[in-house]
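Q: Sequence first, then the predicted structure:
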Amino acid sequence: MAILSTPRTWLLPLTRRMIQQRLDHPSFDLDCGFGGSGPGSSMSVHFPPAWPGDPLAFFPAILARLRPGQEDVHPDTSFTLVARDARAGNHLTAIGQLGSTGTVSASGELEIGYGLNPAVWNQGYATEAVGALVAHLHTLPRVRRVVAATARHNRASERVLEKTGFTRTGQRWSADDGDLTTWAHERR
């Protein structure tokens, strides 16, 4: 189970307990088994009503696909973004969701998606988290290329990918999202 760290956040594996609690309650606190000094001690994370945003619609299907006894959804590729506020002591808040949208293809491609709570938009959290996620995914043996897609008019999301080293690769259309710009990040 990977727990990723950035200067202001932790990326915690998305778990069955997180999903079930969110389906049962709009806001909750959950002991996520780590603490203020890093992985290893216990700490409560607050999950506000804005978490996880759009992925909430997929939570029932994700929960249904988990095997009995399986706690982590995809321990190496699906994460909850948690902000740690040094000014507030050990205050931790879930501020987003990011990770793979499927499995690694035969050619070594893995698509990612991400979304953050609106309250933390334009503060650099997405860039920080996507950078950590991509660096981690490139350590996985089968992943050769990380890909993503952004809505054509979502300039903020495009900037996140540009800042983290992605290059535009083309365009495609999605029934859910309309016109999309496609991106790729090659293993270095």
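A: All right, it came through fine.

Q: which secondary element of this structure has the worst mean pLDDT?
A: strand 38-39 (a mean of 49; mean pLDDT, DSSP states H and E).

Q: which stretches of this structure form helices?
A: Assigned by DSSP state H, the helices in the chain fall at 16-24, 59-65, 125-137, 155-163.

Q: Is the residue positioned nearest the centre of the chain bridged to anything, and to what?
A: Centrality entry for the chain: nearest residue to the mean C-alpha point is residue 98, 1.4 Å, by CA atoms, centre = their mean. Beta bridges link residue 98 to residue 79, residue 114, judged by DSSP bridges.

Q: Would you check that it makes contact with residue 79?
A: Yes - using CB atoms under 8 Å, residue 98 is in contact with residue 79, at 5.6 Å. Yep, even glycine has a C-beta here, placed from its N, CA and C like the rest.

Q: Quick one: low-confidence residue ranges for this structure.
A: 1, 33-42, 86-90 (pLDDT under 70).

Q: where along it do the strands fall?
A: Listed in chain order, the strands found in the chain under DSSP state E are 4-5, 9-13, 28-31, 34-35, 38-39, 44-47, 78-85, 91-100, 109-116, 145-151, 167-174, 178-186.

Q: Quick check: can you name the pairing partners of the first one and their directions?
A: What that stands for is strand 4-5. Here strand 4-5 is paired, per DSSP bridges, with strand 9-13 (antiparallel).

Q: From the rest of the structure, what touches the partner strand?
A: Contact partners of strand 9-13, identified using CB atoms under 8 Å, 6 or more residues apart in numbering, comprise 1-5, 32, 34, 45, 72-76, 78-84, 92, 95, 98, 125, 128-129, 132-133, 136.

Q: any idea how far that strand is from the chain center?
A: Distance of strand 9-13 from its chain centroid, counting by CA atoms, centre = their mean, to the nearest Å, is 8 Å.

Q: Show the buried residues in the contacts of strand 9-13.
A: By neighbour count, with 16 or more other CB atoms under 10 Å, the contacts of strand 9-13 hold 2-4, 32, 34, 45, 72-73, 76, 78-84, 92, 95, 98, 125, 128-129, 132-133, 136 as buried.
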